[in-house]
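*Asks:* the following comprises the amino acid sequence and a computationally predicted model.
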Amino acid sequence: MQPRYPRLLQDSLTISAAKHAEKTAVVTADERVTYAELHDRALRFAGLLQAVGVRRGDRVAIFLENSVDTVAGIYGALYAGAAFMVVNPQTKEDKLHYMLADSGAAAVLSEGRLARLVTGLMADLATVLPNLLALVLAGGGEPVSPTAGATARFAVHDLRTWTSTEVADPGTIPLDLAALVYTSGSTGNPKGVMLSHQNMVFAQGSLVEYLRLDASDRILDLLPLAFDYGLYQALMAVHLGATLVLERTFAFPAAIVKRVVEEGVTVFPGVPTVFATLLSLHRNSPIAMPSVRRYTNTAAHLPDEYVPGLLEMSPGALVYKMYGLTECKRVCYLEPELVLSKPSSVGKAIPGTETYLLGEDGHPVGPGVTGILHVRGPHVMLGYWNLPAETEHMLKPGKYPGERVLCTHDWFRKDEDGFLYFMGRSDDIIKSRGEKVSPVEVENALAAIPGVREAAVIGVPDELLGQAVRAFVVLDPGASYTEQAFKREALARLESFMVPRDVRFVDDLPKTATGKVRKKSLVEQG
Amino acid sequence: MPDLTTIDRDVRQFLADNFILDNGGADLGADESLTQAGVLDSMGVLELIMFVEQRFGVSIPDEDTLPENLDSVARIVAYIGRRLAQGA
C-alpha cells in the first residue's frame, strides 16, 4: 500500500521510488542506482530476512563499508519490520562481539573481510547470540568459505541470489524501534541509542527544513553510516528523492574534490578536520567547487576563520554550524546568514523542538549564565538499549506527566537573543576527529596489551583534531615498547580514531586517596 | 637511486611496522586496496605520505594524493619509481 505521507522511516523510500523511479538515488565509486533499483534491492533483502525468520522488532546489523548495499540494508531491515544498526567497518573483533551480543541481532548483512570477522566470532556467537538466524552476504568482496558456517547454527545467504521482492506487512507502527545507533559511553562499552520511527521521521524532516534542501540536491556523504551524521545524509537524500554521493573515506582529499566537481555535489557535510584539510589543499593550489551550495559542520566547533576559505571554494554557499548528540540526533543550528555576526554560537533549536538551560539546582538560568542544556522535542530517543540506569541519567521528567526531556550534561550559555554557546562537557568524554572517545574504553583496551600494568587517557587540545588522545602508560618491570610499537598494539584493539596520538611511558600514575587516577594532574602535567 | 625491488621491500616493511596486516603482510596483494582492506585510513595515508617523503626524498604534492597513486603497494611503488625517475 502506498503511504500518503511518511509515517515510518521506510515510507520515504516507498514514496521516492514511486515519484522518482528512474532518478539516481545513490552513486558510489562502484555503482550508480536509481530509486527503483534501490527500492527493489531493499525489498529483496527484506524478503530474505523474513524468509529466514526475522520478525517485527528484531535487530539487523549492517557491517559494511559505505555502499549501496548499506543503504539498501537499512531500508530492507525496516521493510521486514526490524530495527537496523549500522556497525562501523573499523570496529575490531571484541567490540563487534559486544555490539552483536548486546543488540541480540537476528541477522547480519556483511561482505568480504568484514564478513570473515563475523564468521570468526561464530563459535562464540552461537552461545551468546542464540537469536542470530543468518549472515547475509552483500554484493561485493570475496565469498566467505561455507565451512565457516558449518559449526554455526545459523545460515549464510547471498543477497545477490535472492530475487523475490515479496514482503509481508510486518505491522510496524511509528512508536516501534527503527534503529539502534551505538555511541561511546563513559562506562567503556558503547551504548545503543534507541530511536523510533517517529523520532527519525521527525528529525529528517526538521533537518531538510532548516538546511533548505530539495529533490534537486546532490548530497555528499563521506562519513561512516554508523555515525548519525553520516546516516542522516542518506536518510535525508532518500526522503527528498535527492541523490546521495556516497564515499568511503576522506583519506584522499583530492579524489573527493574531483568527485564533488564531477557529480555536481550541492551539499558538503563535514567535520572541522575535513574542512581544515580542504582549506590547506586550497591554500596550496586553489580549489573550485562551484556546485556546492551548503557546507554543514558538526561534532566540533568550526573556527570562524574557515568560513571565508569555504566561500572562496564555493561562492555563495551557506555555511551551517550545528551541534547535536546521537541521543536526539541534532539539538541546534545557526542560520547561515548569521555565521559571521554570531561567531562561536551554535544557534537555536532545530524546527519543532526547544531547548532550555538549568542550573545545578535544577532551576532555569537567565541570559549569560552557564547552565546544563536540556532538549525537548519529538526527536529525543526512547532510551539506551538494555541500560535503564544510564537512560534515567539522560532522560528527565518534562513539562507534562510522563514526558521525558533530554539532559545533555553539556554546559551552555544563552545570549540575550537566545543564541546558544557551548561552554564545556560535564563528563570526561574526549572528542577527537569529530568522534566521541570514551577514555575508559581506551584505557581498558590499553590495559589488555601484554606488559601494561595500567594506563590513563586524557584529551589534549589539538588544532587539527579538536582534541587528541594522550595516553600515560605504566609498564610491567621488564616490559618495553617503542611508542610506535605500542600504538600498533593499540590499533589492533581500537578503532583508529581512538588510538592515542601520543603515548607517555611513566613510572606511576598520580592517584587520589581512594586510589583513583587523578586525571587533573595528568592534564596539568600535559 | 633505489630500484623498484628495494622500494617495494621498504614500503612493505613500513606498512608491516606501522599498520595491522594479516600474517605480518605476507598475504598483502600488490594490487589490493589498502583503504578498502582496512589497512589505511585518513591518518594512515598521511603517515604513508610522510614516510615516502622522508625515506625517498620525494615530495608529494596535494594533487597527487589520489588513490591511483597511493592505494596499493604496486601503485605506491610505481609512483615513487616514476617520481624518482623524473628526478623529483
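*Replies:* Yes, it's here.

*Asks:* residue A:56 and residue A:79 touch, don't they?
*Replies:* No. If you go by Cβ atoms under 8 Å, residue A:56 and residue A:79 don't touch, sitting 11.2 Å apart. In short, each C-beta sits where N, CA and C put it, glycine included.

*Asks:* show me which of those two is the more surrounded one.
*Replies:* residue A:79 (27 against 16; other Cβ atoms under 10 Å in any protein chain shown).

*Asks:* so what's that one up against?
*Replies:* A:10, A:42-43, A:45-46, A:167, A:170 (Cβ atoms under 8 Å, 6 or more residues apart in numbering or on different chains).

*Asks:* before we move on, the earlier item: common neighbours of residue A:56 and residue A:79, please.
*Replies:* Joint contacts of residue A:56 and residue A:79 (Cβ under 8 Å, 6+ apart) are residue A:170.

*Asks:* now residue A:483. Nearest residue, chain neighbours left out?
*Replies:* Counting by Cβ to Cβ, 6 or more residues apart in numbering or on different chains, residue A:483 lies nearest to residue A:503, which is 4.9 Å off, once chain neighbours are set aside.

*Asks:* what helix or strand is that neighbour located in?
*Replies:* Using DSSP states H and E, residue A:503 sits within strand A:502-505.

*Asks:* quick one: strands adjacent to that strand?
*Replies:* Strand A:502-505 pairs in its sheet with strand A:466-475 (parallel), by DSSP bridges.

*Asks:* pLDDT score assigned to whatever residue of chain A ends up closest to chain B?
*Replies:* Residue nearest to chain B within chain A (Cβ to the nearest Cβ): residue A:251, separated by 4.3 Å. Looking at residue A:251, its pLDDT reads 85.

*Asks:* didn't it look like it was pressed against residue B:33?
*Replies:* No. Using Cβ under 8 Å, residue A:251 is not in contact with residue B:33; the gap is 10.6 Å.

*Asks:* so between the two, which is more surrounded?
*Replies:* The residue with more neighbours, out of residue A:251 and residue B:33, is residue A:251; 23 against 15, by other Cβ under 10 Å.

*Asks:* what sits against that one?
*Replies:* Contacts of residue A:251 (Cβ under 8 Å, 6+ apart): B:35, B:40-42, B:44-45.

*Asks:* what of residue A:23?
*Replies:* Per Cβ under 8 Å, 6+ apart, neighbours of residue A:23: A:34-35, A:241, A:243.

*Asks:* out of the residues you listed, who's nearest residue A:320?
*Replies:* Ranked by distance to residue A:320 (Cβ to Cβ), the contacts of residue A:23 are led by residue A:243 at 19.6 Å.

*Asks:* what bridges to that closest one?
*Replies:* Applying DSSP bridges, one finds that residue A:243 bridges with residue A:218.

*Asks:* got it, and residue A:180?
*Replies:* residue A:194.

*Asks:* up against chain B, what does chain A have?
*Replies:* By Cβ under 8 Å from any Cβ of the partner chain, the residues of chain A that approach chain B are A:65, A:89-90, A:113, A:248-255, A:258, A:273, A:277, A:280-281, A:284-285, A:484, A:488, A:491-492, A:496.

*Asks:* hmm, try it at 7 Å
*Replies:* Contact residues, chain A versus chain B (Cβ under 7 Å from any Cβ of the partner chain): A:65, A:113, A:248-255, A:281, A:284-285, A:484, A:488, A:491-492, A:496.

*Asks:* could you flag which of the residues you listed are buried?
*Replies:* Listed as buried from the residues of chain A next to chain B are A:65, A:113, A:248-255, A:281, A:488, A:491, A:496; burial here means 16 or more other Cβ atoms under 10 Å in any protein chain shown.

*Asks:* restricted to helices, list those residues.
*Replies:* A:113, A:253-255, A:281, A:488, A:491 (DSSP state H).

*Asks:* possible to save the residues you listed as CSV with distance to residue A:336?
*Replies:* Formatted as CSV, those follow (distance: Cβ to Cβ, whole Å):
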residue, distance to residue A:336
A:113, 40
A:253, 23
A:254, 27
A:255, 27
A:281, 23
A:488, 43
A:491, 38
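
*Asks:* between these, which is nearest residue A:448?
*Replies:* residue A:491 (13.2 Å).

*Asks:* the closest one: what's it in contact with?
*Replies:* For residue A:491, the contacting residues are A:499, B:20, by Cβ atoms under 7 Å, 6 or more residues apart in numbering or on different chains.

*Asks:* packing partners of the helix-or-strand element of chain B with minimal mean pLDDT?
*Replies:* Sorting the helices and strands of chain B by mean pLDDT, DSSP states H and E puts helix B:42-56 at the bottom, at a mean of 85. For helix B:42-56, the packing partners by 3 or more Cβ pairs under 7 Å, 6 or more residues apart in numbering or on different chains; DSSP states H and E come out as helix B:4-18, helix B:73-85.

*Asks:* report the buried residues of that helix.
*Replies:* B:42-45, B:47-49, B:51-52, B:56.

*Asks:* stretch A:406-423 too?
*Replies:* Result for stretch A:406-423 [16+ other Cβ under 10 Å]: buried residues A:406-414, A:419-422.

*Asks:* how many residues are close by residue A:13?
*Replies:* Count around residue A:13 with other Cβ under 10 Å applied: 27.

*Asks:* confirm it sits in a helix?
*Replies:* Yes. Counting by DSSP: H, G, I helix; E, B strand; the rest coil, residue A:13 is located in a helix.

*Asks:* next one: phi and psi at residue 34?
*Replies:* Since you didn't name a chain, this refers to chain A. Here is the backbone geometry of residue A:34 (degrees, to the nearest 10): phi -90, psi 170.

*Asks:* does it really touch residue A:24, like I thought?
*Replies:* Yes. Counting by Cβ atoms under 7 Å, residue A:34 does reach residue A:24; the two are 6.0 Å apart.

*Asks:* middle-most residue in the chain, spatially?
*Replies:* You didn't pick a chain, so chain A it is. residue A:227 (0.9 Å; Cα atoms, centre = their mean).

*Asks:* hmm, I had chain B in mind actually
*Replies:* Nearest to the geometric centre of chain B sits residue B:76, at 4.0 Å (Cα atoms, centre = their mean).

*Asks:* hmm, residue B:70 and that one touching each other?
*Replies:* Yes. Counting by Cβ under 7 Å, residue B:76 does reach residue B:70; the two are 5.6 Å apart.

*Asks:* for chain B, what lies in contact range of chain A?
*Replies:* By Cβ under 7 Å from any Cβ, the residues of chain B that approach chain A are B:18, B:20, B:35-38, B:40-43, B:45, B:62-63, B:65-67.
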